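Colleague: any chance you could fold what I've pasted below:
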Amino acid sequence: MRLFSVILALSFLPLLVGCEKNPAGIESNHYSWELSTPAEQGMDPAILDSASIQSRLKGFIDGLLVIRNGYIIAESYFNGYGINSPHNVMSVSKSFLSAITGLALQKGYLDSLDEKMLDYFPEYIYPGIDERKYQITIRHLLTMRMGIEDETENYFEIYHSDNWIKTTIEWPLLYAPGERMRYNTFQTHLLSAILTKASQMSALELAQNLLTGPMELPLMPGNRIHRDIISAVIQCFSVHGRWRSWVICI
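Modeller: Model (predicted):
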């Protein structure tokens, strides 16, 4: 497991992203952050130097980026990565998807987070379906509370199925919808499919139109994201959806 860490010191929010075996890829220049020093932004440089050394020694961390008050105050890369290297963000993509869901709600693509999941997938309703599945909502998918088991128990079985949506919907419920949170990637896959149906756009197109487009940050297909996009979106979240002169989300 290799990680790229972004620490937004404004809110002390750590972000660990992505397994990545190959740092080679498209190199691009995006939004340029202003630079400052730890001391100028009220942080101890010795602590950040130690963090950089420890990150390098771990071996599985590919980068460390620290932002405070809108300035980059520390930045180090390892294992062949650099400032312009896109990185696989793995499950950090779920945070992007939740933001896109909120924007889709704001723009009217969704009527409510309490819309029922099966209203979007009537083709997958089957004889003898657990009646509780009719109560699963978009909110449950966002919070991973649809009621299925943790992905450690079913990830590869669902992953290797012919139809992730159908298999996830048919998977037995261990809990009533909303009762317990269980981390399972395929709940967010259902959410992505709902967004696609509601907007008639792919998740990538929605992200480009509603999030990274207004921020003037290019987003490439796949799960590889440039460090400026990751850090800019986190910065946007930390200041209530504001980016430069725009309000991206409320």
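Colleague: surely Ile67 and Trp33 touch.
Modeller: Yes - with contacts counted by CB atoms under 8 Å, Ile67 reaches Trp33, the gap being 7.2 Å. (C-beta placed from N, C-alpha, C; glycine too.)
Colleague: quick check: which ranges of this protein have low pLDDT?
Modeller: Counting by pLDDT under 70, the chain shows low-confidence ranges at 1-32, 215-230, 232-250.
Colleague: and the helices in it?
Modeller: Assigned helices in the chain, in chain order: 45-58, 93-107, 138-142, 155-159, 164-170, 185-199, 203-207, 227-238 (criterion: DSSP state H).
Colleague: re the thing from before, Ile67 and Trp33: which is more packed in?
Modeller: Ile67 (25 against 19; other CB atoms under 10 Å).
Colleague: and that one, what are its bridge partners?
Modeller: Leu8, Ile72 (DSSP bridges).
Colleague: so how far is Lys197 from it?
Modeller: Ile67 sits 36 Å away from Lys197, going by CB to CB, to the nearest Å.
Colleague: show me the protein divided up by domain.
Modeller: Annotated domains of the chain cover 3-89+223-247, 92-203 [automatic domain parsing].
Colleague: and the last one, how far apart are its ends?
Modeller: As for domain 92-203, its first-to-last residue distance stands at 15 Å under the measure CA to CA, to the nearest Å.
Colleague: can you tell me the closest non-neighbouring residue to Lys197?
Modeller: Tyr120 (5.2 Å; CB to CB, 6 or more residues apart in numbering).
Colleague: just Glu205 next, same as before
Modeller: Going by CB to CB, 6+ apart, Glu205 has Ser199 as its nearest residue, at 8.0 Å.
Colleague: show me what contacts the one you found?
Modeller: Ala104, Tyr109, Glu205, Leu206 (CB atoms under 8 Å, 6 or more residues apart in numbering).
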